[in-house]
Structure formats: structure tokens, C-alpha cells
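Asker: Sequence plus predicted model, see below.
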Amino acid sequence: MDNCIFCKIVAGEIPSTKVYEDDTVLAFNDLDPQAPAHILLIPKNHIGSAGEITPENSAVVAHIFEVAAKLAAEKGFADGFRVVTNCGASAGQSVHHLHFHLLAGRDFTWPPG
């Protein structure tokens, strides 16, 4: 996607502070952290949102959660973290490329706050 900021980050056109990368997933620190640890995990191939997950592309979502667990363990917050994705503008999705927020380092409430 030509105008997608996350596709540009994957392509190296926009810098990011990478914390993990493999053939299918990129993880980097969020520029506007909502917790002491706030990492974004994205598929390298463009998927617009959770609403566009299909049998053909769903394996990347499982892999993203594997990476989230690995990062949580490596960074010392495996005992308590949150993974969040927003689907659509009314749910707060501001970048229309599937991404997951890995948040840790503070207590969380429900509903989110």
C-alpha cells in the first residue's frame, strides 16, 4: 500500500526502533507509548485490520502472538502484559495496517484505561 505508514516502515522508508524482525513480522517501539513498555507488532505484508484476516493469511497472526510471548519473556514482563488490536476507525484504529500493541510495565484495568 503506497500511503501506509507501516508499509513504509517495513520498507525502511521511515525509521523505527526495531525490537524484533523476521521474514513475516516486524516489532518496534511505539512513538506514543501508553505504558512503560509499548511495542507494535505488525505483519510485513499489508493486512488492513483484524476484519481482513482470512484462512489464507491467519498464520501470521498466530506467529505475531508467538513473537509477543517471546518478547515478553525476553524483556521480563511475561507475568503480566496486554495485547490489543483495534479494528476500524470507530474502535480507535488510526493506521489501517493490522497491528498489535504489546503493553507492559504497569497495572491495567478493565475496561481499558
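Answerer: It's in.
Asker: After the longest strand along the chain, which helix or strand is next?
Answerer: The longest strand of the chain (DSSP state E) is strand 37-43. Of the helices and strands lying after strand 37-43 in sequence (DSSP states H and E), the nearest is helix 59-75.
Asker: now for that next one, which elements pack on it?
Answerer: If you count contacts as 3 or more CB pairs under 8 Å, 6 or more residues apart in numbering; DSSP states H and E, helix 59-75 packs onto strand 18-21, strand 25-29, strand 37-43, strand 81-84, strand 100-104. The way it works is simple: take the backbone N, C-alpha and C, and place the C-beta from them, glycine included.
Asker: buried ones in the second one?
Answerer: Just to be clear, that refers to strand 25-29. Using 16 or more other CB atoms under 10 Å as the test for burial, strand 25-29 gives 25, 26, 27, 28.
Asker: Kindly report the same for stretch 78-86.
Answerer: Buried residues in stretch 78-86, counting neighbours by 16+ other CB under 10 Å, are found at 81, 83, 85, 86.
Asker: Identify the farthest-apart pair in those residues.
Answerer: Pairwise distances across the buried residues of stretch 78-86 (CB to CB) peak at 17.2 Å, for the pair 81 and 86.
Asker: okay if I get the buried residues of strand 25-29 as a markdown table plus pLDDT and distance to residue 107?
Answerer: What follows is the buried residues of strand 25-29, written out as a markdown table (pLDDT from 0 to 100; distance: CB to CB, whole Å):
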| residue | pLDDT | distance to residue 107 |
| --- | --- | --- |
| 25 | 98 | 27 |
| 26 | 98 | 28 |
| 27 | 98 | 23 |
| 28 | 98 | 24 |
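Asker: and which of these is nearest to residue 19?
Answerer: Proximity of these to residue 19 (CB to CB) peaks at residue 27, which lies at 5.0 Å.
Asker: Tell me the spacing between the closest one and residue 56.
Answerer: Separation of residue 27 from residue 56 (CB to CB, to the nearest Å) stands at 23 Å.
Asker: any weak-confidence spans in this protein?
Answerer: 1, 112-113 (pLDDT under 70).
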